[in-house]
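J.: Below is the sequence, then the predicted model.
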Amino acid sequence: MRKIKNPWMDKEGYNCFGCSPDNPIGVHMEFFEDGDDIISFWKPQTHYQGWIDTMHGGILCTLIDEIAGWVIFRKLQTSGMTTHLEIRYKKPVMTTEPQITLRAHIAEQRRNLVTIEVTLENSKGEICTEGKATYFAFNKEKAKEMGFTSCELEGEELLPM
């Protein structure tokens, strides 16, 4: 497993709610590549709750949408946009969880339409939320126009957490 470099870090105006480390109200996600999967480890916080000690469903949806985008960046080396998102909430995710794990991979690709399957697990490894994102992957010229050049990996392989 290797950490993915954030391709947006040096872009003027970059302040993504999902992945910018500098957005003061963002979720500050980081991503890793493990074979066909993109993985993110994230720590719930009380200010993202819906009900007492329970994560807000919209935040969980955001986490799923964000990791789906990173699958496109890393695996297809382009950018794009979500065109459809299905979420299945199976079990509450508690804000008291020490860490949740999101895993995503390409399930299907038909030309520019890419289906990405995502699971969100609590710290016990139980799948709490499942997502299926349909992404429209931009051609290389459109991606470059939007500031995307490439999505690379950092240094050495990391041991599983």
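T.: Perfect, thanks for sending it.

J.: from here on, contacts and neighbour counts on C-alpha atoms
T.: Noted.

J.: Helix, strand, or coil at the residue nearest the centre of the chain?
T.: Centroid-nearest residue in the chain, with CA atoms, centre = their mean: I67, separated by 1.4 Å. Under the three-state scheme (DSSP: H, G, I helix; E, B strand; the rest coil), I67 adopts helix.

J.: In this structure it contacts S40, no?
T.: Yes - checked against CA atoms under 8 Å, the pair I67 and S40 is within contact range at 7.4 Å.

J.: For the two, list the residues in contact with both.
T.: Residues touching both I67 and S40 (CA atoms under 8 Å, 6 or more residues apart in numbering): 31, 102-103.

J.: Quick one: mean pLDDT for stretch 145-156?
T.: For stretch 145-156, mean pLDDT is 90.

J.: now do stretch 43-58
T.: pLDDT averaged over stretch 43-58 gives 96.

J.: residue contacts, I38?
T.: When contacts are counted by CA under 8 Å, 6+ apart, I38 touches 31-32, 67, 70-71, 103-105.

J.: Throw these into CSV and include pLDDT, distance to D22 and secondary structure, thanks.
T.: As requested, those are exported to CSV (pLDDT from 0 to 100; distance: CA to CA, whole Å; DSSP: H, G, I helix; E, B strand; the rest coil):
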residue, pLDDT, distance to D22, secondary structure
F31, 98, 16, coil
F32, 98, 19, strand
I67, 98, 18, helix
W70, 98, 18, helix
V71, 98, 22, helix
R103, 98, 24, strand
A104, 98, 24, strand
H105, 98, 27, strand
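
J.: Now restrict those to buried residues only.
T.: Buried by 16 or more other CA atoms under 10 Å: 31-32, 67, 70-71, 103-105, out of the contacts of I38.

J.: In this protein, mark out all the helices, start to finish.
T.: Listed in chain order, the helices of the chain (DSSP state H) span 57-76, 140-145.

J.: Lovely, talk soon.
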